[in-house]
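can't give you the sequence, but here's the structure:
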């Protein structure tokens, strides 16, 4: 008999009503009495479980009553609709085959577990309701991102993971080497000409610079892949390995870029709400009350656009005892991000940032003090995207790089883009895990990525 998934049963219950079905999965719970029992079964295809009813007419009834959490079984039985019960249907078992009986020391018993405890058993946490929901949403959101850009005519570009350039200029790259570090420690000298690539290289912090080269050929491209930052930060929103979405668009200024950011975010949110109703309902009830309302409100919002200078003015005039005092020319803190989204009662694009706190490649504004940069702040999550119009003028970009003491020879190819058919162009980056924090209401980045990498943590 052909195996049917639990998802199929939920989506096509009427089709399978009173029919014999065959399903496989893992036991979530097993309750029994002297003559019958109930098994909650999940096969991973759907957020909800299916209830299997068995009785003592089965030859292996005694063995079935001993089933433990996470045991794997195969069930054949009749689907019976139960509209009067909590579940819409159940399976009356005619045969239950035990594939693997899980021992009683299985770590995730039927009780509440903290997210900290579950991180210690990360290889098992997808079996819990919380992480079943989170990682299914992660999958749906990833496909939504691809669908959005593909439907808009973008080319999917694979940026290199090993690179010689630090795109952000922050010096927070993981070094990649085949040199014998013990010998280097003894000698105190490093000869990079003997290294695998013949020079110092590291894991990428961004695919933007390489992405721009393809945007100058295809017009619109996007990357979606892993990024790495050797930043010794232990906050809830930082990780050493994370995924980034980075579109680059030719003939696009800052205003059009913000239109794209808003359109893309609304597309993803709508897709997740449409395709993950069970997961979202669970998160809305148990993890982040008001989550669905927050996301639906975003869909109906027109994002505010305001300059960094005007934001600082609002913050300074606010009757708030700030932990970090807002200042012109400086970055804003989490408390400022929260205030400004509440002030405008929705998402906010903050534009025209001080050039001294932004990357070298951003378009320099006529005032000589700011750049055409934009950060998107969203309620409940803070900064979600960061982007800019790129500096398309060769002389201005070169002068800025010299001003910052950068090695222009290593980035001559990037400078040359400004000579060989340069045009107004823009792009932004969105951390995928930051998006997932926003979509799920889960507060810690460690809980929206399957196996997190943070300072001092590289397990599994």
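Nice, thanks for sending it over. All of these numbers come straight from a predicted model, not from anything done at the bench.

Over to residue 199: give its phi and psi.
Here is the backbone geometry of residue 199 (degrees, to the nearest 10): phi -160, psi 170.

Nearest spatial neighbour of it, chain-adjacent residues omitted?
Distance criterion Cβ to Cβ, 6 or more residues apart in numbering; nearest residue to residue 199, sequence neighbours excluded, is residue 192 at 5.2 Å. Heads up, the C-betas are built off the backbone N, CA and C, glycines and all.

what's the neighbour count on that neighbour?
Using other Cβ atoms under 10 Å, residue 192 is surrounded by 13 other residues.

Same check on the one 10 residues further on?
The local packing of residue 202 (other Cβ under 10 Å) involves 20 other residues.

What's opposite it in the beta bridge?
Assessed by DSSP bridges, residue 202 has beta-bridge partners residue 163, residue 175.

surely it meets residue 173?
Yes. Contact status for residue 202 versus residue 173: in contact at 3.4 Å, counting by Cβ atoms under 8 Å.

Name the residues contacting each of those two.
Common neighbours of residue 202 and residue 173 (criterion: Cβ atoms under 8 Å, 6 or more residues apart in numbering): 166, 228.

rewinding a little: in contact with the residue nearest to residue 199, which residues?
Counting by Cβ under 8 Å, 6+ apart, residue 192 makes contact with 198, 199, 200.

do the same with residue 401
Per Cβ under 8 Å, 6+ apart, neighbours of residue 401: 360, 408, 411, 415.

Among these, which one is most surrounded by other residues?
Those, ranked by neighbours (other Cβ under 10 Å): first place residue 411, 19 neighbours.

Now do the buried residues in stretch 80-99.
By 16 or more other Cβ atoms under 10 Å, the buried positions in stretch 80-99 come out as 89, 90, 91, 93, 96.

For that stretch, give me every contacting residue.
9-10, 13-14, 17-18, 20-21, 23-24, 39, 48, 50-54, 58, 60, 63-64, 67, 71-79.

tally of neighbours for residue 347?
Residue 347: 23 surrounding residues under other Cβ under 10 Å.

cool, and residue 149?
21.

Just to check, it is in contact with residue 249?
No. With contact defined as Cβ under 8 Å, residue 149 does not count as touching residue 249 (10.5 Å).

what residues do those two have in common as contacts?
Residues touching both residue 149 and residue 249 by Cβ under 8 Å, 6+ apart: residue 220.

shaky segments in the stretch 151-300 of the chain?
167-171 (pLDDT under 70).

Walking through it, point out its strands one by one.
Per DSSP state E, counting those that start in this stretch, the stretch 151-300 of the chain carries strands over the ranges 155-156, 162-163, 175-176, 201-203, 220-228, 241-250.

Tell me which of those approaches residue 437 most closely.
For those, proximity to residue 437 was assessed by Cβ to Cβ; strand 241-250 is nearest, at 11.2 Å.

okay, how far is it across stretch 417-437, tip to tip?
Criterion Cα to Cα, to the nearest Å; first-to-last residue distance in stretch 417-437 is 36 Å.

Mind checking the pLDDT average for that stretch?
For stretch 417-437, mean pLDDT rounds to 97.

Distance from the chain centre to that stretch, please.
18 Å (Cα atoms, centre = their mean, to the nearest Å).

Next: stretch 272-279.
Taking Cα atoms, centre = their mean, the mean C-alpha location of stretch 272-279 is offset from the chain mean by 16 Å.

Buried residues, it. List them.
Neighbour-count burial for stretch 272-279, counted by 16+ other Cβ under 10 Å, picks out 272, 273, 275, 276, 279.

Name the helix or strand for residue 77, please.
strand 72-81 (DSSP states H and E).

Adjacent strands (with direction) for that strand?
According to DSSP bridges, strand 72-81 has the following sheet partners: strand 20-32 (antiparallel), strand 89-100 (antiparallel).

buried sites along it?
Under 16+ other Cβ under 10 Å, the buried positions of strand 72-81 are 72, 73, 75, 77, 78, 79.

can you check stretch 151-163 too?
154, 157, 159, 163.

ok, and what's touching that stretch?
So stretch 151-163 is in contact with 146, 149-150, 176, 197, 201-204, 206-208, 210-211, 214, 218, 220-226, 228, 246-247, going by Cβ under 8 Å, 6+ apart.

Endpoint to endpoint, stretch 389-397 covers what distance?
Using Cα to Cα, the span of stretch 389-397 from its first residue to its last is 13 Å.

any idea of the mean pLDDT in that stretch?
Average pLDDT, stretch 389-397: 97.

And for it, what's in contact with it?
Residues outside stretch 389-397 that contact it (Cβ under 8 Å, 6+ apart): 212, 252-254, 257, 360-364, 372, 400, 415, 418-419, 422-427.

Those in helices, which ones?
In helices, judged by DSSP state H, the following of the contacts of stretch 389-397 are found: 212, 254, 257, 400, 415.

now, which of the residues you listed sits nearest residue 436?
Closest approach to residue 436 among the ones in helices among the contacts of stretch 389-397 (Cβ to Cβ): residue 257, at 22.6 Å.

Need the nearest residue in space to residue 305, chain neighbours excluded.
The spatial neighbour of residue 305 that comes closest, neighbours along the chain excluded (Cβ to Cβ, 6+ apart), is residue 349 at 4.5 Å.

wait, the one you found sits on residue 306?
Yes. The criterion here is Cβ under 8 Å, and residue 349 meets it with residue 306 at 7.2 Å.

Derive a PyMOL selection command for the buried subset of the contacts of stretch 151-163.
Restricted to buried positions by 16+ other Cβ under 10 Å, the PyMOL selection for the contacts of stretch 151-163 reads:
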select buried, resi 149+176+201+202+203+204+206+207+208+210+211+214+220+221+222+223+224+225+228+246+247
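
Any buried residues in stretch 188-201, and which?
By 16+ other Cβ under 10 Å, the buried positions in stretch 188-201 come out as 195, 201.

now that stretch, how far from the chain's geometric center?
Distance, stretch centre to chain centre, for stretch 188-201: 34 Å (Cα atoms, centre = their mean).

again with stretch 378-396
Distance, centroid of stretch 378-396 to centroid of chain: 19 Å (Cα atoms, centre = their mean).

now swap in stretch 111-118 and tell me
21 Å.

Which residues belonging to it are considered buried?
Judged by neighbour count (16+ other Cβ under 10 Å), stretch 111-118 contains these buried residues: 113, 118.

One more: stretch 386-396?
Buried residues in stretch 386-396, counted by 16+ other Cβ under 10 Å: 386, 387, 388, 389, 390, 391, 392.

for it, how far is the first residue from the last?
In stretch 386-396, first residue to last residue: 22 Å (Cα to Cα).

With stretch 237-257 instead?
End to end - Cα to Cα - stretch 237-257 spans 25 Å.

and if you look at stretch 63-74?
End-to-end span of stretch 63-74 (Cα to Cα): 14 Å.

Just the mean pLDDT for it, thanks.
Stretch 63-74 comes out at a mean pLDDT of 97.

And it, what's buried?
Buried residues in stretch 63-74 (16+ other Cβ under 10 Å): 64, 65, 67, 69, 70, 71, 72, 73.
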